[in-house]
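Chemist: Next come a sequence and a model predicted from it.
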Amino acid sequence: MSGQHKGHRDRGAAAVEMALVLPILLILIFGMIDFGRMLNYQMRVTNAARDGVRMAAMGLPGDISARVNASGLKHLTIVADDPNPCTTSPDTDTPTSVTVTYPFTFITPLGPLVKIFDSSSTLGGSLDLSSTATMRCGG
């Protein structure tokens, strides 16, 4: 008889446990999705900056934005040395640099949570991913 009462008391415990664990599980899953996307976009921004500085080091400043935009990312901000030192003095010790910035936007509901932990992010939950590449003139 006491076994019957014990089963009756535990009724609904699984629902309570699920209600406690589900939000944490969802935050972890959404975090993995957005972190993977953010890492992918950071690598693409880094490669775009490397491609742009390669054009600048070869003395082709007009091709920098075309080469960076060939990465396929939209809304990039490109900042290159101005005037480009590789076109005025192609000395191999002169460095040139290109900085590429991309506004990354979260696709999961974690965007507003990012605002709590990162004061530099905007209200919509976007972060600026940035990369600077430097190379000596002449390659």
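Modeler: Perfect, I can see it now.
Chemist: rest of the way, CA atoms for contacts and neighbours
Modeler: Will do.
Chemist: Give me the contact list for stretch 99-111.
Modeler: Contacts to stretch 99-111, defined as C-alpha atoms under 8 Å, 6 or more residues apart in numbering, come from residues 27, 30-31, 33-34, 38, 41, 45-46, 48-49, 73-80, 124-133.
Chemist: in which helix or strand would I find the most centrally placed residue in the chain?
Modeler: Closest residue to the average C-alpha location of the chain: residue 38 at 3.7 Å, with C-alpha atoms, centre = their mean. Using DSSP states H and E, residue 38 falls within helix 13-57.
Chemist: packing partners for that helix?
Modeler: Identification of packing neighbours for helix 13-57 by 3 or more C-alpha pairs under 8 Å, 6 or more residues apart in numbering; DSSP states H and E yields helix 64-69, strand 95-105, strand 126-136.
Chemist: shaky segments in the chain?
Modeler: 1-8, 82-84, 88-92, 115, 118-125, 139 (pLDDT under 70).
Chemist: quick one: contacts for residue 69?
Modeler: 48, 76.
Chemist: let me redo that: residue 41
Modeler: 104, 129.
Chemist: Next one: it from residue 72, what distance?
Modeler: 11 Å (C-alpha to C-alpha, to the nearest Å).
Chemist: same deal with residue 35?
Modeler: From residue 35 to residue 72 the distance is 20 Å (C-alpha to C-alpha).
Chemist: and if you look at residue 59?
Modeler: For residue 59, the distance to residue 72 - C-alpha to C-alpha - is 23 Å.
Chemist: who has more neighbours, these two?
Modeler: When residue 59 and residue 72 are compared for neighbours, residue 59 comes out ahead with 22 against 11, by other C-alpha atoms under 10 Å.
Chemist: ok, the more buried one touching residue 86?
Modeler: Yes - counting by C-alpha atoms under 8 Å, residue 59 touches residue 86, with 5.1 Å between them.
Chemist: Find residues that contact each of these two.
Modeler: 137-138.
Chemist: ok, residue 48 - how many residues close by?
Modeler: Here the number of neighbours of residue 48 (other C-alpha under 10 Å) works out to 30.
Chemist: and the residue lying closest to it once chain neighbours are set aside, what does it touch?
Modeler: The spatial neighbour of residue 48 that comes closest, neighbours along the chain excluded (C-alpha to C-alpha, 6 or more residues apart in numbering), is residue 68 at 4.8 Å. Shown in contact with residue 68 (C-alpha under 8 Å, 6+ apart): 48-49, 51-52, 78.
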